[in-house]
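>>> Here is the input, now give the coordinates:
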Amino acid sequence: MTEEKKIKKRRKVNYDNWGYFFIAPFFIVFTVFQLIPLISTFVNSLFENYRVGLTVVGPRFIGFENFRRIFDDNILVYAKNTLVMWILGFVPQIVFSLLLSVWFTNTELRLKGQQFFKTVIYMPNLIMASAFAMLFFTLFSPEGPMNQLLLKVGLISENVRFFESERWVHALVAIMNCLMWYGNTTILLMAGIMGIDESLFEAARIDGASPLQIFFRVTLPLLMPIFVYVIITSLIGGIQMFDIPQILTNGEGIPNRTSMTIIMYLNKHLANKNYGMAGAVSVITFIVTGVLSFSVYSITMKQFRNSKGGAR
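This is a model prediction of the structure:
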């Protein structure tokens, strides 16, 4: 019997530590592709390291000098450009997405062809930003279809140079961002609304609440966690805005760098092999993104918790 017990003990496999084996790939990938580059970016920001022609200068430790140079180089103007274009695109995007999500999830309306419309709404999100930007660049060029249409209708007497106007460039970038991402936002908000208990809406209707009252008193407060997620992810995407203005303005932020974003400014330094300044811009972008995201989350979720506490 003792020998049989020994054999059974040998055959018994201990699975207590197998969880570490399954989560190890995530930590390996995170360390190699995110943590190490993040640390190296911060280290590079403390060094003077760039190339002039065939001459390589550095790396030479200069502390926080790169950060001082960045603020002397109008980074606040580029930050303002990024914020303006993001707000111009996000406000109509969130309003339009809320409207569509409420319509499609309203059991009283019983809209037909919902699956078809959901697919159509999401399709612009599948188009590459570069293709979208090239399309708008062609449409709104001085001799493009939009100018020809406006001339035929009689709204203008001569071709409009859209890309020489700060307002028009900001508007075009905002329109493209809105068209590309409103479908994704609509799907997320629809999922949040469908997770709300239908009996709450029925009780509100029985009590005589209007559709607007139901939306502001029932839907929106209970949708707040998903709503906050949408705002934060959109904010992060807005700070990282690059491809559309880069292609639309040929990387120059025309006119007069009024559409130059923070990431376009970062790309300029990378293209010039100025890794010290590029690292400093990356570190500042990372800090600003973290602070803004945490602030938005704290403020909105605090109001959400207060509203839930008041409802109880």
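
>>> H170 and L179: what is the separation?
For H170, the distance to L179 equals 15 Å [CB to CB, to the nearest Å]. Heads up, the C-betas are built off the backbone N, CA and C, glycines and all.

>>> neighbours around L223, how many?
21 (other CB atoms under 10 Å).

>>> Find the nearest non-adjacent residue to it, please.
G192 (4.8 Å; CB to CB, 6 or more residues apart in numbering).

>>> what's the answer for N147, then?
N159 (4.6 Å).

>>> Is the one you found in a helix, a strand, or coil?
Here N159 is recorded as coil under DSSP: H, G, I helix; E, B strand; the rest coil.

>>> quick one: it and L151 touch, right?
Yes. Using CB atoms under 8 Å, N159 is in contact with L151, at 7.3 Å.

>>> Next, give phi and psi for the residue nearest to N147.
With angles defined as degrees, to the nearest 10, N159 sits at phi -60, psi 140.

>>> how many other residues sit next to it?
Neighbours of N159 (other CB under 10 Å): 15.

>>> Quick one: residues contacting it.
Contacts for N159 (CB atoms under 8 Å, 6 or more residues apart in numbering) come out as 142-143, 147, 151.

>>> out of those, which are inside helices?
Within the contacts of N159, residues falling in helices by DSSP state H are 147, 151.

>>> Filter the contacts of N159 down to the buried ones and express that as a ChimeraX selection.
To isolate the buried members of the contacts of N159 in ChimeraX, using 16 or more other CB atoms under 10 Å:
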select :147
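
>>> Among the contacts of N159, which one lies nearest to T107?
Within the contacts of N159, proximity to T107 (CB to CB) peaks at N147, which comes in at 46.3 Å.

>>> shouldn't the closest one be in contact with S157?
No. Taking contacts as CB under 8 Å, N147 lies outside contact range of S157: 11.3 Å.

>>> The nearest residue to I263 once chain neighbours are set aside: how many residues sit nearby?
Spatial nearest neighbour of I263, chain neighbours left out: F242 (4.0 Å); criterion: CB to CB, 6+ apart. Neighbourhood size, F242 [other CB under 10 Å]: 18.

>>> Next one: F242 from I127, what distance?
16 Å.

>>> ok, now I287?
In terms of CB to CB, I287 sits 32 Å off from I127.

>>> Who are the packing partners of the longest helix along the chain?
Looking across the chain with DSSP H, the single longest helix is helix 275-311. For helix 275-311, the packing partners by 3 or more CB pairs under 8 Å, 6 or more residues apart in numbering; DSSP states H and E come out as helix 36-44, strand 47-52, helix 65-72, helix 75-105, helix 220-239, helix 262-271.

>>> of those, which approaches R205 most closely?
helix 75-105 (14.1 Å).

>>> for that closest one, which positions count as buried?
75, 78-79, 81-86, 88-90, 93-94, 96-98, 100-102, 104-105.

>>> And stretch 39-47, by the same measure?
For stretch 39-47, by 16+ other CB under 10 Å, it's 41, 44-47.

>>> what's the answer for stretch 118-131, then?
118, 121, 124, 129.

>>> Name the nearest residue to N44, sequence neighbours excluded.
In space, and not counting its chain neighbours, N44 is closest to G279: 3.5 Å by CB to CB, 6+ apart.

>>> which regions of this protein sit below the pLDDT cut-off?
Applying pLDDT under 70 to the chain picks out residues 1-15, 303-312.

>>> Look up how far M180 lies from L172.
Note on L172: its distance to M180, by CB to CB, is 13 Å.

>>> Same check on R257?
R257 is 24 Å from M180, by CB to CB.

>>> hang on, the earlier thing: tell me which of the buried residues of stretch 39-47 is nearest to T219?
Using CB to CB, those come closest to T219 at T41, 41.6 Å.

>>> list the contacts for that closest one?
Counting by CB under 8 Å, 6+ apart, T41 has contacts 279, 282-283.

>>> Now with 10 Å, please.
275, 278-283, 286 (CB atoms under 10 Å, 6 or more residues apart in numbering).
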